[in-house]
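Novice: 3D model of this:
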Amino acid sequence: MLSFLVAALCLCSQHTEAFSSPPTTTASPLQSSTGLNLFFGDYLPLGIPVLVAKDKWDNSRRTQLKEQILSLASDTKRGLTKSDEQAEEMQGLFEQLEKLNPTVNPLTNKFSKVNGDWSLDYTTSDSILGKGGFPRIGPIVQNIDTTTLSAKNSEIVRYGIFDVPRSISVELSPINGRRTVADFKRFQLGPVGFDAPDSFVGELDITYVDDEVRLSRGDKGNIFVLTRM
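Specialist: Numbering: from 1, shown residues only. You can find the predicted model right below:
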């Protein structure tokens, strides 16, 4: 009888130790490793503040880079008067902002902010800027509509003493979520319209877009910085 009581007491003691917390700590389920595994996974509680901090840093860095890019774009008159040093600086800033792109698949994402009117603030394309030719007056505008897979570039060009509106309509054929073939369809020069040659086909890669700024790359190596109008 005595041996039975001793065995029972030992068994109770083992069960009590199995279900009680260690005497030196009182951890909540969210603080214990078991609680972390059950509720959040191994790394998420530690990862949450890291992710929040990274998101804040990314937003701050985006703002800083956009301000630098747009300031440089203004200083160089959309790139028309850029020096080699300024072109190199812009290239570096451009690449840094691309890495912080917050929008996945801007051409196919139904929540994308790519649609609408955009003003060209900077480009490395001399022909678009009219360098050495007829000057562009006012904004150079690009409209994109992914619902109709269409785009339109429009501007005002000064021919001597005449300011003439000019535009071209474009048909878009997405290759993937951010890159598209751009098939130029029809030119409009003042009141006169005419079809574009069949050879007028290019590609556009949208590498960054948010509420305010869009970055794009063309198939001939040119870069484009645009701001929402």
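Novice: all contacts plus neighbour counts: C-alpha atoms, from now on.
Specialist: Fine.
Novice: Which parts of the longest strand along the chain count as buried, going by neighbours?
Specialist: Across the chain, the strand with the greatest residue count (assigned by DSSP state E) is strand 162-174. Within strand 162-174, the residues scored as buried using 16 or more other CA atoms under 10 Å are Pro165, Arg166, Ser167, Ile168, Ser169, Val170, Glu171, Leu172, Ser173, Pro174.
Novice: same deal with stretch 174-187?
Specialist: Neighbour-count burial for stretch 174-187 [16+ other CA under 10 Å]: Pro174, Arg178, Arg179, Thr180, Val181, Ala182, Asp183, Phe184, Lys185, Arg186, Phe187.
Novice: residue ranges for the helices of the protein, please.
Specialist: In the chain, the segments counted as helices under DSSP state H are 2-19, 33-39, 44-75, 84-98, 126-129.
Novice: tell me what the fourth one is packed against?
Specialist: I take that to be helix 84-98. helix 44-75, strand 201-209 (3 or more CA pairs under 8 Å, 6 or more residues apart in numbering; DSSP states H and E).
Novice: That helix to strand 201-209, inter-axis angle?
Specialist: Angle of helix 84-98 versus strand 201-209, following axes from the mean of the first three to the mean of the last three CA atoms, to 10 degrees, is 70 degrees.
Novice: who's in contact with helix 84-98?
Specialist: Arg62, Leu65, Lys66, Gln68, Ile69, Leu72, Gly79, Thr207, Tyr208, Leu215 (CA atoms under 8 Å, 6 or more residues apart in numbering).
Novice: Grab the two from these that are most spread out in space.
Specialist: Using CA to CA, those span at most 21.1 Å, a distance reached by Arg62 and Gly79.
Novice: out of those two, which sits in the more crowded spot?
Specialist: Gly79 (23 against 20; other CA atoms under 10 Å).
Novice: got any ranges where this protein has weak pLDDT?
Specialist: 1-53 (pLDDT under 70).
Novice: surely Asn222 meets Asp126?
Specialist: No: here Asn222 does not reach Asp126: they are 9.4 Å apart, not a contact under CA atoms under 8 Å.
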